[in-house]
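[1] sequence and computational prediction follow.
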Amino acid sequence: MRLLQFVDSVLNKAIDPYHIEIEVPSQLLEEEPVAGRIVSEKEIPAIKGTELLLSNGIRLIYKESVSAKERISMSAYRKGGLFALDSTDYVNGVFSPNVISLSGQVISPEMSFHIISPAALPR
């Protein structure tokens, strides 16, 4: 009975729509990246993709989407961070924020997470 009263009280309450102010920068990068030209091109049969090596050091791997022909999905990586970990620690690092948030802990920008390889821990 108390639960129904609580639900009724919430349903009858005026709630303002969610609104958040965000600051959008006018420029994403401080400096315009140097354009590269294709230095080499290599097919990757295992994924039906192509690897391009550009003159500016960028390695680009692309493939056509099987399901969404009109959609482009992009990901970018650089050395260090999660990619410096071995495969087991990498998976832990990728899923840790989701597991933490599902456990009830709110992840906020003020929080800092550092992923440490078990091999780096003192023995």
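    Everything's here; your move.
[2] residue closest to the middle of this protein?
    In the chain, the C-alpha nearest the mean C-alpha coordinate belongs to residue 75, at 8.2 Å (CA atoms, centre = their mean).
[3] state which helix of this protein is the longest.
    Identified as the longest helix of the chain according to DSSP state H is helix 87-102.
[4] which parts of stretch 56-64 are buried?
    Buried residues in stretch 56-64, defined by neighbour count with 16 or more other CB atoms under 10 Å: none. For the C-beta atoms, the positions are set from N, CA and C on the backbone; glycine is no exception.
[5] between the two ends of that stretch, how far is it?
    The straight-line separation of the ends of stretch 56-64 (CA to CA, to the nearest Å) is 24 Å.
[6] identify all contacting residues around that stretch.
    Outside stretch 56-64, the residues within contact range by CB atoms under 8 Å, 6 or more residues apart in numbering are 33-36, 44, 47-54.
[7] same thing with stretch 32-46?
    With contacts defined as CB under 8 Å, 6+ apart, stretch 32-46 is touched by 49, 50, 51, 52, 53, 54, 55, 56, 57, 58, 61, 63.
[8] show me the domain layout of the chain.
    Per automatic domain parsing, the structural domains of the chain span 34-64, 77-108.
[9] next up, phi/psi of residue 64, please.
    Phi and psi for residue 64, reported as degrees, to the nearest 10, are phi -70, psi 140.
[10] any idea how far residue 9 is from residue 69?
    Distance of residue 9 to residue 69, computed by CB to CB, to the nearest Å: 50 Å.
[11] oh, I was asking about residue 88
    Relative to residue 69, residue 88 is positioned 36 Å away (CB to CB).
[12] which one's more surrounded, those two?
    residue 88 (10 against 7; other CB atoms under 10 Å).
[13] how many other residues sit next to residue 91?
    A count of nearby residues for residue 91, using other CB under 10 Å, gives 12.
[14] and residue 108, what pLDDT?
    pLDDT, residue 108: 59.
[15] hang on, I meant residue 94
    For residue 94, the model assigns a pLDDT of 81.
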